[in-house]
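Participant: Let me see the structure of the following:
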Amino acid sequence: MKKRLIFNCFSMNTLSHIWHGLWRHPESKSIGFNDLETWIELAQLAEKGCFDAIFFADIIGADPGYQNSVDIYLKEGIHLPCNDSTALCAALIGSTQHIGLVLTSSILSEHPFSFARRISTLDHLSKGRIGWNIVTSVTHNAAQNFGFESIVAHDERYRWAEEYMEVVYKLWEGSWDQGAVVADKESGIYSKPELVHRIYHESKRYKVAGPHMCTPSPQRVPVLYQAGSSKSGRIFASRHAEGTFVLFPTIEGARKGIADARASAVAAGRNPDDLKFIQGFSFVVGSTEEEAWKKSREIDEWVSSDGLAAHIGRDMGIDFGKLDLDEQIVNLNIDGLQGYARMFEESNNGQKARIRDLVNALSYSSRIVGTPESIADQLEAWQEAGIDGVNMICQLFPDSYKDFIEYVIPVLQERGLAQSSYRAGTLREKMFPDGNALLPENHTASQYRGAFK
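Facilitator: This is a model prediction of the structure:
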C-alpha cells in the first residue's frame, strides 16, 4: 500500500514570490497580499483540499542584488515589501481547524528566548499546528538590519544556528518537566515548582537563565523544516530537520540526493524516514495535454526573466545582472554556488551547470504541465524516487491552487497519494502517523528532557 504524499501550499506574504511578473496577470489576486481576507481564502481553500500546511517563506533584508541596485525588487515587488510570516500565521489560527501553519524565522531576527516563547504561544493557540522553517539568512542587508556590518561567513552561520537550537531546545524540552502542570483548582496548585527549571545556558552568543515562560505546548517543539543545500546545510538538516524543502531538477537527481541525505540522517542516529523530503513544484492543469501546454505558454508571456534572475541571484549573493547567463559555474570562483551547482550536476549526469540553469531552476525546472492523470503519474514517479511530499508553488494566485485542488487532488486521492480527511492530532502526528506529538527519542532535542534539576 502506497504512502500518501504530504501537500503544502508554498507562499509568502508578499506581492511576488517565485513566478515573478505574474502578479500583473488579470486573474491574479496577489496584489491583495496586505489583506487578511486574501490569506483566509487561501487557508480555507487549502483545508478544503486536505493540504497538510501552508508553508510561508520570509526574508528580513534586501541587498542591491541586481545591477548593483534594489530597484528591480521594488519596481516588480520581488519580496519587497514583505510582511512578517509569524504574524500572519497567528492571524490564520482562528479561521482554520486542521491545516498546519509553517512560519520562517531567521536566527538573526529574534533572540532565542523570545522566539521560543512566541512559538509556544502559537502552538498552544493552534492546538499543535505550528512548524518552523529554520533559516540563517544570506543577505548583508539582513545582517545590517540587526546591527551587524555584514553577514557572517557561511559555515559560521551554521555554527551559530547550532547554538540557537541548543537554547530553544533547552527551553522547550528541558525547562518544564512532564507533569509540572497540575491545574488543580481544589488545592490551588497550578504547577509544581520542583518540576520547573532554569536552564542557565551560557555560550558564545547567548546567556539565558530561564525558565521558559510558557507551559509545554502540544508539540513542545514545532515541526522543524530546513532547506540548506550546501554541505553545512545538509549536515544541519540531518541533525535537526523533520522536513526539508528540496528543488531537484530531475527524478534521478532526487533519487541520488535523497538517498545520500537519508544516509546522513542515519549517521546522526536517526531513522531514514525521520526526515521528510518536500519537493517544490508548480502545476499547470488542463483537460488535455494540449490545453495544459497552451495555458503554460500564456502564463509564460507574463513572466519576468529579469525578476527570476534577480531573485535567485539575491539569495546566493550574486549579481546576475553583471554576468553572462551562459557561463559555466565551474569557471566562476564565486562562494555560494556550490550547493546549487552540485544539485544540478548530480541531477544531469555530471553536465556542468550554467548560470542560466540556476536562474531557471527555481521555477521552470520544478513545473509540471499536463492533465490531472499525467500529473498524478509524474508525482508517483517522483515518490518512487524518494520524495515524501510537495511544496506547491503558485503561479496565478490563488487560481493555480484552485485548479490543483479541484482537478488533481481527487485523482491523487483515488490512488492513495493524497489524504481525503485529516487525522486527529498535531501537525507532527499528521506528518508522522506512526509517531506522536513530541519529537522522537532519537532526535538531538530529546537530550534536554529531564536534564535540569
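Participant: Show me what the helix or strand bottoming out on mean pLDDT in the chain is packed against.
Facilitator: Of all helical and strand segments in the chain, the minimum by mean pLDDT, DSSP states H and E falls on helix 338-347, at a mean of 72. In terms of contacts (3 or more CB pairs under 8 Å, 6 or more residues apart in numbering; DSSP states H and E), helix 338-347 is packed against helix 231-240, helix 251-267, helix 355-361. In this view, the C-beta of every residue, glycine as well, is placed from N, C-alpha and C.
Participant: which is the next helix or strand following the longest one?
Facilitator: Same thing as helix 251-267. Downstream of helix 251-267, the next assigned helix or strand under DSSP states H and E is strand 276-285.
Participant: After that next one, which helix or strand is next?
Facilitator: As assigned by DSSP H and E, the chain's next helix or strand after strand 276-285 is helix 289-300.
Participant: residues touching residue 30, list them.
Facilitator: Neighbour list for residue 30: 15-17, 22-23, 38, 397 [criterion: CB atoms under 8 Å, 6 or more residues apart in numbering].
Participant: Next, format those as JSON lines and append secondary structure and neighbour count.
Facilitator: JSON lines is the format used below for the contacts of residue 30 (DSSP: H, G, I helix; E, B strand; the rest coil; neighbours: other CB atoms under 10 Å):
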{"residue": "15", "secondary structure": "coil", "neighbour count": "21"}
{"residue": "16", "secondary structure": "strand", "neighbour count": "25"}
{"residue": "17", "secondary structure": "coil", "neighbour count": "25"}
{"residue": "22", "secondary structure": "helix", "neighbour count": "23"}
{"residue": "23", "secondary structure": "helix", "neighbour count": "23"}
{"residue": "38", "secondary structure": "helix", "neighbour count": "17"}
{"residue": "397", "secondary structure": "coil", "neighbour count": "25"}
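Participant: Going by mean pLDDT, which of the helices and strands packed on helix 338-347 comes out lowest?
Facilitator: Comparing mean pLDDT over those, the weakest stretch is helix 355-361, at a mean of 80.
Participant: Buried by neighbour count: which residues of that one qualify?
Facilitator: 355-361 (16 or more other CB atoms under 10 Å).
Participant: What is the nearest of those residues to residue 190?
Facilitator: residue 361 (52.7 Å; CB to CB).
Participant: number of nearby residues for the nearest residue to residue 253 once chain neighbours are set aside?
Facilitator: Nearest non-adjacent residue to residue 253, counting by CB to CB, 6 or more residues apart in numbering: residue 347, 2.3 Å away. Look at residue 347: counted by other CB atoms under 10 Å, it has 23 neighbours.
Participant: Check the contact between residue 347 and residue 249; I expect there is one.
Facilitator: Yes: with contacts counted by CB atoms under 8 Å, residue 347 reaches residue 249, the gap being 4.5 Å.
Participant: in this structure, which residue is closest to the centre?
Facilitator: Geometric centre of the chain, nearest residue: residue 133, 4.9 Å, by CA atoms, centre = their mean.
Participant: With that, I have no additional questions.
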